[in-house]
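Chemist: just coords:
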């Protein structure tokens, strides 16, 4: 923790939240010489996620980051074995371009880069007061000092501690849009027991076994065993929005109780992850959201690392394109919001439509989904790589055949699929310049096409002719 006496320090940006997105954004902004402060309430070495996360390889060059090397990268992508709740059916999917990355080491690398580029790092620091400066920017009073800045960035995660005070018209994600996730790495107590577990499911080193749909449609137990390293990675997630659905931590504990060969915990963490579409309103004068605070997460499986890194790069690019001191101007920040939504909005909103359909499934529905072939290796691979499936003729034929075998189960998926092209098209039509009327029209268009509640407080039903605003 660093502290300065008054008067306040003048800086170009203050970022609250030293997770992956916040730290990356701080470094990207500071690299060309901007003065940036990064704040987190935790000690910096404990900030951010502390588990293993699957990250598509394309995200690192997109952001201008060096690709992870071992031990930061534990495995290059190999195979995901998707198992049904009864464990009778399996679907094997090659994932060559998805890497298992140690978030502790990625965070450490990003912090080193940020320090080397001059970021002022403030761990164990809390924001005590925010004051709008007359005319432009903020005065941010913290336990480590007071800063004056034209730009305040909320990267504090799903709680979004600043967003709740600055963007009071933006609603918090509801219970059905939050995944309760837990992940940890454990030592192997009994190597023979670990090998027997792998043999039972036909697993090889580096392959992950995922039990899907065991506690509702949006639930998973994902385990990757490495006898050579003497450890395993265990990930669980659920949406406990109704009675009887356990949390991700309870699911993890239940799996551990069934596997006596698993030894003591080495590291890990747990928390809530937003799994809904990104917020339509990402910026305000002098203020921007990034990462989980902006719901920049891939809805199909709840990973936010790739999207958070990409958003951090886009936000930094927009700010650095403006003169120093003008980074908080609304038209500057709007360029970030427009670029993010026009690049990834269609992808994320489309997968959110599919996620909400699958989330209603029961365990027996997941069985039929895999058994019928309606869920294909190609669609699973696209989801893990955070891209849209390539709907060539062969894949379409297999999807139709699977739908015929799945019977009535195919109906909600067909309805979701029928919405996705229009949703993707509309989501990319984010207003190019600051325009509140167009933003409201954009939001209401998504509400209508996706069948979701609006982000922003106000009327839900689109008014006659209002959606035409974005079409002109």
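Modeler: That came through, no problem. Predicted, not measured: the structure shown is a model, and the values here were computed from it.

Chemist: isn't residue 10 right next to residue 148, touching?
Modeler: Yes: Residue 10 lies in contact with residue 148 (Cβ atoms under 8 Å); the separation is 5.1 Å. All C-beta atoms are positioned from the backbone trio N, CA, C, and that covers glycine.

Chemist: Who has more neighbours out of those two?
Modeler: residue 148 (17 against 12; other Cβ atoms under 10 Å).

Chemist: Residue 37 versus the more buried one, what's the distance?
Modeler: Separation of residue 148 from residue 37 (Cβ to Cβ, to the nearest Å): 11 Å.

Chemist: Need the overlap of contacts for these two.
Modeler: Residues touching both residue 148 and residue 37 (Cβ atoms under 8 Å, 6 or more residues apart in numbering): 9, 11.

Chemist: After the worst-scoring helix or strand of the chain on mean pLDDT, heading C-terminal, what element do we hit next?
Modeler: Least confident element among the helices and strands of the chain, by mean pLDDT, DSSP states H and E: helix 393-406 (a mean of 60). Counting by DSSP states H and E, the next helix or strand C-terminal to helix 393-406 is helix 410-427.

Chemist: what is the rounded mean pLDDT of that following helix?
Modeler: When pLDDT is averaged along helix 410-427, the result is 89.

Chemist: gap between residue 264 and residue 231?
Modeler: On the measure of Cβ to Cβ, residue 264 and residue 231 end up 10 Å apart.

Chemist: helix, strand or coil for residue 192?
Modeler: helix (DSSP: H, G, I helix; E, B strand; the rest coil).

Chemist: Who are the contact partners of the nearest residue to it once chain neighbours are set aside?
Modeler: In space, residue 192 comes closest to residue 261 once its chain neighbours are excluded; the distance is 7.7 Å by Cβ to Cβ, 6 or more residues apart in numbering. Shown in contact with residue 261 (Cβ under 8 Å, 6+ apart): 188-194, 196-197.

Chemist: what do you get for residue 15?
Modeler: If you count contacts by Cβ under 8 Å, 6+ apart, then residue 15 has 22, 25-26, 36-39, 153, 155 around it.

Chemist: right, and residue 442 touches residue 280 too?
Modeler: Yes: using Cβ under 8 Å, residue 442 is in contact with residue 280, at 6.1 Å.

Chemist: any residues in contact with both of the two?
Modeler: residue 430.

Chemist: where does the stretch 1-150 of the chain dip in pLDDT?
Modeler: 1-6, 76-77, 135 (pLDDT under 70).

Chemist: all strands of it, in order?
Modeler: 9-10, 13-16, 36-39, 52-56, 73-75, 79-83, 90-94, 98-102, 120-122, 127-132, 138-142, 145-149 (DSSP state E, counting those that start in this stretch).

Chemist: by contact count, what packs against the third one?
Modeler: Using 3 or more Cβ pairs under 8 Å, 6 or more residues apart in numbering; DSSP states H and E as the contact criterion, the neighbours of strand 36-39 among helices and strands are strand 13-16, helix 20-30, strand 120-122.

Chemist: what comes into contact with that strand?
Modeler: 9, 11-18, 22-23, 26, 29-30, 114, 118-122, 125, 127, 142, 144, 147, 149.

Chemist: So among these, which ones count as buried?
Modeler: Buried subset of those (neighbour count, 16 or more other Cβ atoms under 10 Å): 9, 11-18, 22-23, 26, 29-30, 114, 119-122, 125, 127, 142, 144, 147, 149.

Chemist: can you give me phi and psi for the spatially most central residue of the chain?
Modeler: Closest residue to the average C-alpha location of the chain: residue 304 at 1.8 Å, with Cα atoms, centre = their mean. Dihedral pair for residue 304: phi -110, psi 0, per degrees, to the nearest 10.

Chemist: Give me the distance between residue 357 and residue 439.
Modeler: For residue 357, the distance to residue 439 - Cβ to Cβ - is 27 Å.

Chemist: I should have written residue 288 there, sorry.
Modeler: 15 Å.

Chemist: Also residue 96?
Modeler: Taking Cβ to Cβ, one finds residue 96 at 40 Å from residue 439.

Chemist: Who has more neighbours out of these two?
Modeler: Ranked by neighbour count (other Cβ under 10 Å), residue 96 and residue 439 place residue 439 first, with 19 against 12.

Chemist: which residues does that one contact?
Modeler: With Cβ under 8 Å, 6+ apart, residue 439 has these contacts: 280-281, 431.

Chemist: Restricted to buried residues, select those in ChimeraX.
Modeler: Entered in ChimeraX, the line below selects the buried ones among those, by 16+ other Cβ under 10 Å:
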select :280,281,431
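
Chemist: and which of the contacts of residue 439 is nearest to residue 361?
Modeler: residue 280 (27.8 Å; Cβ to Cβ).

Chemist: tell me the domain ranges of this protein?
Modeler: 9-69+103-172+276-344, 175-274 (automatic domain parsing).

Chemist: Point out the most buried one among the ones you listed.
Modeler: For these, the largest average neighbour count (mean count of other Cβ atoms under 10 Å) is found in domain 9-69+103-172+276-344, namely a mean of 21.

Chemist: Go ahead and measure how far it is from the middle of the chain.
Modeler: 14 Å (Cα atoms, centre = their mean, to the nearest Å).

Chemist: elements contacting the longest strand seen in the chain?
Modeler: Criterion DSSP state E: the longest strand present in the chain is strand 262-274. In terms of contacts (3+ Cβ pairs under 8 Å, 6+ apart), strand 262-274 is packed against strand 178-188, strand 231-238, helix 248-258.
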